[in-house]
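Student: turn this into a structure:
(one chain, ligands or ions: 3)
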Amino acid sequence: MKSIGKIPSHIGIIMDGNGRWATRRGLPRNFGHKEGVKAIERTILACLKYGIKYCTFFAFSTENWRRSQEEIYGIFSILRDYLSDPNNIFMRNKIKVDSIGIMDPFPEDLINSINNLKENTKDYENLTVIFALNYGGRDDIIRAVNNLLSSNKQKVTDQEFLKLLDTKEIPEPEIVIRTSGEMRISNFMLYQLAYSEMFFPKTYWPDFNEKHLLKIIKEFQKRDRRFGGVH
Ligand code: IPE
Ligand code: IPE
Ligand code: MG
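Tutor: Ligands and ions are numbered 1, 2, ... in the order given. Reported below is the predicted structural model:
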């Protein structure tokens, strides 16, 4: 592990720009999604190198069902191939895999490949990689509220509510990165990112690499996080 000063424990990544990356090269959009997997691998290796404990990749939002069947199934098949590779980065590096979101509407082979990987890596502690799959921040909150309504609890605190969200015990992300230059949250972890530091690099996701991540961490180290207080 390489020591570079204060390190965030959790980084959330809104991987955006795969489609534009491909279109700019005259390629079908799914080529961008395929290339995006390489950026996920580079980012995971960088997280290991710098000692980041949790990294969440927003891979499919509750709104992404609005895309064409061809694109949606292309994304599913890329994810399935990636996550079912027996020589995967997770087993090789003792990385725990987790997921947030509701996978039920996904094809069975994809659900199985993720569940197998979660099961096979559940005791690993080097890093936890969380895939947000059919995830929406509003859906996360609404499901938590509905769970509360069907329980006999009358009241919850902020800290108790956090534990009812899909992220449960996972700390709130100190850093949220959205690539491609778009400056919006697009329904990612709405409750959990109340005090996250936001970064919007212009790079399309398939071009994202360790250098971009390191630059963001350095910038994060310079930010004055006041949490509403005064220094
Ligand atoms: C992000 O890239 C990947 C997913 C949402 C699955 P996009 O596919 O949104 O790429 P752009 O924004 O169209 O370039
Ligand atoms: C956000 O990207 C969702 C994921 C990265 C999975 P989108 O490309 O779907 O978001 P919008 O449509 O630009 O807001
Ligand atoms: Mg997009």
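Student: on the three-state scheme, the residue nearest in space to the middle of the chain is what?
Tutor: Central residue of the chain (C-alpha atoms, centre = their mean): Phe57, 2.0 Å from the mean position. Following DSSP: H, G, I helix; E, B strand; the rest coil, we place Phe57 in the strand state.
Student: surely it meets Asp16?
Tutor: No: if you go by C-beta atoms under 8 Å, Phe57 and Asp16 don't touch, sitting 11.5 Å apart. C-beta here means a position set from N, CA and C on the backbone, and glycine is covered the same way.
Student: pop out the phi and psi values for Lys118.
Tutor: Torsion angles at Lys118 (phi, psi; degrees, to the nearest 10) stand at phi -60, psi -40.
Student: now the one 10 residues further on
Tutor: For Thr128, the backbone dihedrals (degrees, to the nearest 10) come out as phi -110, psi 120.
Student: follow-up on the earlier one: contacts only, for the residue nearest to the centre of the chain.
Tutor: Contacts for Phe57 (C-beta atoms under 8 Å, 6 or more residues apart in numbering) come out as 13, 15, 40, 43, 129-132.
Student: next, give me the two most distant ones among those residues.
Tutor: Thr43 and Ala132 (14.2 Å; C-beta to C-beta).
Student: the two: who's more crowded?
Tutor: The neighbour count for Thr43 versus Ala132, taken as other C-beta atoms under 10 Å, is higher for Ala132 (27 against 24).
Student: helix or strand: which one has that one?
Tutor: Assessed by DSSP states H and E, Ala132 sits inside strand 127-135.
Student: any idea how far that strand is from the chain center?
Tutor: 5 Å (C-alpha atoms, centre = their mean, to the nearest Å).
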